[in-house]
Each structure stands twice: as structure tokens, then as C-alpha cells.
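**Student:** quick one, structure for this:
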Amino acid sequence: MCGHLGVAGSLGGPEKSAFKQMLQVGSLRGPHSVGAYFKSRHDEVGSVFHALGYGHELTEFKQFDTDLAKAHNVSVMLGHNRWATQGGVNIENAHPFSYGDIIGAHNGTVPEYGWKKLEYGGKEDMDSKALLKSISEVGAKETIAQISFGAWCLIWYDEVYNTINFLRNEERDLYLCTSGGGKNLWWASELGMLVWILARNGIKIDAGSILQLPINKHMALEIPKLDQKFWLPYVEDAPKKSFFTSSGRGSAADDYDDWTRYRGKSWRYSNGDSKFTYHSGEVVSWDDLDDSYDTHGSCCQNCGTEIPKYSASGKDGKIFFHNGVTAPMFVCSDCWGESPPTWKEWLIENLGTDNWALRSKAS
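**Tutor:** Numbers count the residues shown, from 1 in each chain. Sure thing, here's the model as predicted:
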């Protein structure tokens with residue numbers, strides 16, 4: 001699991017010191033390589049540095065330390081600590097990456113069958129490069145619309161539009177806050193680290209400014225002029241396509257095009273023809289399921305009623321089910337009610353969200 005960190009705005013000595021310390025502490029999230037990008041207001045392009053290993057390998061590198069110290073009127077500092085999941089551990093695979101007018105970094109993992117299908121970026125050698133390459137060509141919304149499965153939190157700076165950009169899905173966290181009365185914008189993968197490092201450097205977080213980046217929202221903020229405050233961000237929906245795997249039963253990749261038309265619906269596995277059968281979210285009896293389906297350890301997601309192995313027995317013998325991301329979700333009929341709502345309605349009513357990841361964390 002990699003780590004994002006950075007700051008944009010009107011940056012001076014305290015911000016530079018905090019940024020370097022964040023690079024060092026960020027090694028807890030990524031010990032394989034470290035990278036940083038920073039840019040002064042009077043420069044058309046910024047400087048990029050990479051190093052293998054822990055954060056101090058970069059912060060103690062004389063050229064990096066000297067160039068950052070000399071940089072005047074710095075407007076953005078973007079850092080990343082890598083935990084390698086795809087691609088070798090080498091300088092070439094250290095974040096951030098530069099494509100066209102953007103330079104950015106990725107925290108997460110997207111399987112090859114996802115990013116290899118990208119119109120732009122599919123020929124890259126790892127997921128992070130593919131995503132950023134595609135974003136540089138067609139934008140964030142179109143890129144994510146082509147991805148069906150995986151984890152991402154993406155941060156990039158656009159040198160033409162002078163914007164810092166954020167986008168994540170439910171699999172990765174990111175926290176933001178401001179300091180200096182809204183003049184500086186900070187971000188990090190872990191809120192605790194961000195708060196601690198800022199306090200350690202005497203930087204006061206603006207009251208009420210801490211924000212967890214919303215899911216599936218591309219948020220872009222133009223970096224203001226020197227000593228000016230950030231304006232409200234531009235926000236664009238950027239949801240992924242719906243996809244699921246069958247938790248050991250095989251892959252739905254061959255049925256991907258069909259599955260997208262059934263997003264948010266219930267499903268069952270038919271062992272006879274190795275195909276997936278889709279339902280509309282109505283009441284489904286156990287007879288509709290494959291008899292050998294192993295429900296060991298499953299229970300009603302609402303009240304906790306246990307479902308015995310190889311049995312449909314709930315409180316009254318009826319089980320309602322639905323697939324979220326990688327596993328079925330069961331609800332007993334007592335919790336479901338006589339007239340079952342759609343899954344989206346049920347999730348919103350009971351958990352305040354129709355997002356699977358948030359639902360499963362809340363249960």
C-alpha cells in the first residue's frame with residue numbers, strides 16, 4: 001500500500017520542512033521507492049526526484065535538498081512512497097510519473113485485465129503508468145469509465161491549467177486540510193500522519209478544514225496566486241464500471257459486457273453451464289441457488305443470524321442475497337420485510353450509502 005503526501009499554495013520554509021518529514025514518515029506505507037515533484041511559480045516546469053528505498057534516501061540526497069531549499073515561491077510539492085505491487089523495484093517505476101502536461105502518482109492496484117484495455121495507456125508496463133498516461137490523453141472521467149475493477153487514489157498536477165487534482169475509489173483513503181487561512185492545501189493518505197507532521201512544524205490546521213476526499217469524484221483545485229486563498233474545487237463524477245468476481249468460482253471477465261447491463265442486481269452461480277444468472281433484486285429462494293454453495297460463516301448482514309453451512313435456514317428459511325464486489329451479501333427475511341425494496345434503497349435506508357465498501361465496513 002503506497003502513500004500520498006503533499007501541499008500546494010504559498011509555500012515557504014515551514015512547508016518545505018514538513019514536506020520532507022512527510023516523505024520520511026511515509027516510508028511506513030511504502031519502503032521500496034520514494035519520489036517528489038516541486039515547482040516554483042516563475043518556472044514553466046517543475047523538478048522531479050526519485051530514489052530507491054526509504055524516504056530519507058531522497059531527503060538526504062544533496063541535490064534534492066539544495067534545489068528544494070533554493071526554490072523560490074514554490075506553489076506545489078507532491079510526494080509518494082511506493083509499495084511495489086506491479087512492476088519491478090527500480091527508479092523507472094518510482095512515482096510520480098510525467099505524461100504530457102501532467103505529473104502524478106497512484107496508490108492502489110488495478111489488475112492487468114483492467115488497465116490493459118485502456119485505449120491510451122494499455123501498452124504501458126504497469127497499472128499506475130497506464131492510468132496516468134490515459135488521464136493525460138482523455139481525462140479522468142473517460143479513463144475510469146474504462147476500468148471495471150481495482151483500487152486507486154490518484155493525484156496529479158496539471159502544468160497547463162495549474163490545478164492539483166484528486167480522485168479515489170472506495171478502496172483507498174485520502175485526507176485533505178488547509179492552513180494559513182485557506183492559502184495552503186495539504187493532503188496525505190493517513191490523517192494521523194498529516195496532523196502530527198503539521199503540528200510538529202508549528203503549522204496550524206484551519207478549523208473545520210479537514211476533509212476525506214469523496215469517493216468517485218474528480219476534484220480539481222486551481223492553485224491561487226501568491227498569498228491568495230484557494231477557491232472551491234471543480235468536481236466531476238468519475239465512477240468505475242461495475243464488475244465482480246465469483247470468489248473462487250471463476251471469473252466473470254468473459255461476461256463483462258453482459259454484466260455491465262446488470263450492475264447493482266442480484267446474481268446466482270449456475271454450475272451446470274458455468275454461466276452467471278442474473279436476478280432483479282427480488283426475493284430469491286434457496287432452490288434458486290446451486291445446492292453445493294458453501295455459506296459457511298455467512299450471516300445476515302443486518303441482525304447477524306448465522307446461516308449454517310450448505311443450508312438456507314435463516315429465521316424462517318428464506319434468505320435474500322446480492323453480490324457487492326467479490327462475495328455475496330445475505331439478509332434474512334425478518335430484516336428484509338414483506339415487500340423487499342431494491343438493494344440501493346435498502347442500503348441507503350439502513351446504512352446511509354449504496355456503496356458496498358462503506359456498507360461492509362459499517363456492518
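
**Student:** CA atoms for contacts and neighbours, from now on please.
**Tutor:** Noted.

**Student:** all helices for the protein, in order.
**Tutor:** Secondary structure of the chain (DSSP state H): helices at 13-25, 56-59, 62-70, 112-115, 127-138, 140-145, 191-200, 256-260, 333-336, 343-351, 356-362.

**Student:** run through who's touching the longest one.
**Tutor:** Which is helix 13-25. 5-7, 34, 54-56, 59, 68-69, 77, 79-81, 193-194, 197-198, 201-203 (CA atoms under 8 Å, 6 or more residues apart in numbering).

**Student:** that older thread, weakest of the helices of the chain by average pLDDT?
**Tutor:** Per-stretch mean pLDDT for the helices of the chain is lowest at helix 256-260 (a mean of 26).

**Student:** and the contacts of helix 13-25, which are buried?
**Tutor:** In these, burial by neighbour count holds for 5-7, 34, 54-56, 59, 68, 77, 79-81, 194, 197-198, 201, 203, counting by 16 or more other CA atoms under 10 Å.

**Student:** show me which positions of stretch 203-221 end up buried.
**Tutor:** In terms of neighbour count (16+ other CA under 10 Å), stretch 203-221 has its buried residues at Ile203, Ile205, Ile210, Leu213, Pro214, Ile215, Asn216, Lys217, His218, Met219, Ala220, Leu221.

**Student:** surely the first one is in contact with Thr178?
**Tutor:** To tie it back to what came earlier, the one meant is Ile203. No: counting by CA atoms under 8 Å, Ile203 does not reach Thr178; the two are 10.0 Å apart.

**Student:** where does pLDDT dip in this protein?
**Tutor:** 240-363 (pLDDT under 70).

**Student:** domains in it, by residue range?
**Tutor:** For the chain, automatic domain parsing gives the domain ranges 3-237, 253-362.

**Student:** contacts only, for Lys229.
**Tutor:** The contact partners of Lys229, by CA under 8 Å, 6+ apart, come to Gly181, Gly182, Lys183, Asn184.

**Student:** if we go to 10 Å?
**Tutor:** Shown in contact with Lys229 (CA atoms under 10 Å, 6 or more residues apart in numbering): Gly9, Ser10, Thr178, Ser179, Gly180, Gly181, Gly182, Lys183, Asn184, Leu185, Ile223.

**Student:** where's the first one relative to Asp67, distance?
**Tutor:** The gap separating Gly9 from Asp67 is 18 Å, by CA to CA, to the nearest Å.

**Student:** swap in the last one?
**Tutor:** Separation of Ile223 from Asp67 (CA to CA): 21 Å.

**Student:** who's more crowded, these two?
**Tutor:** More crowded of Ile223 and Asp67, by other CA atoms under 10 Å: Ile223, with 23 against 12.

**Student:** who touches the more buried one in this structure?
**Tutor:** 8-10, 75-76, 157, 161-164, 183-185, 229-231.

**Student:** buried ones only from those residues, please, as a PyMOL command.
**Tutor:** Listed next is the PyMOL selection for buried residues among those, using 16+ other CA under 10 Å:
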select buried, resi 8+9+10+75+76+157+162+163+164+183+184+185+229+230
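
**Student:** and the contacts of Ile223, which is closest to Ala94?
**Tutor:** Closest to Ala94 out of the contacts of Ile223 is Tyr157 (16.6 Å), distances taken as CA to CA.

**Student:** wait, the closest one sits on Ile102?
**Tutor:** Yes: under the criterion of CA atoms under 10 Å, Tyr157 makes contact with Ile102 at 5.5 Å.

**Student:** now for those two: what residues contact both?
**Tutor:** When contacts are counted by CA under 10 Å, 6+ apart, Tyr157 and Ile102 have Thr163, Ile164, Asn165 as shared neighbours.

**Student:** the last one: neighbour count?
**Tutor:** So that's Asn165. 21.

**Student:** quick one: the spatially closest residue to it that is not a sequence neighbour from His80, how far?
**Tutor:** Excluding the flanking residues, the one nearest Asn165 by CA to CA, 6 or more residues apart in numbering is Ala220, at 4.4 Å. Here the criterion is CA to CA. By it, Ala220 lies 19 Å from His80.

**Student:** would a markdown table of the shared contacts of Tyr157 and Ile102 with distance to Gly87 be doable?
**Tutor:** Shown next, in a markdown table, are the shared contacts of Tyr157 and Ile102 (distance: CA to CA, whole Å):
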| residue | distance to Gly87 |
| --- | --- |
| Thr163 | 29 |
| Ile164 | 26 |
| Asn165 | 25 |
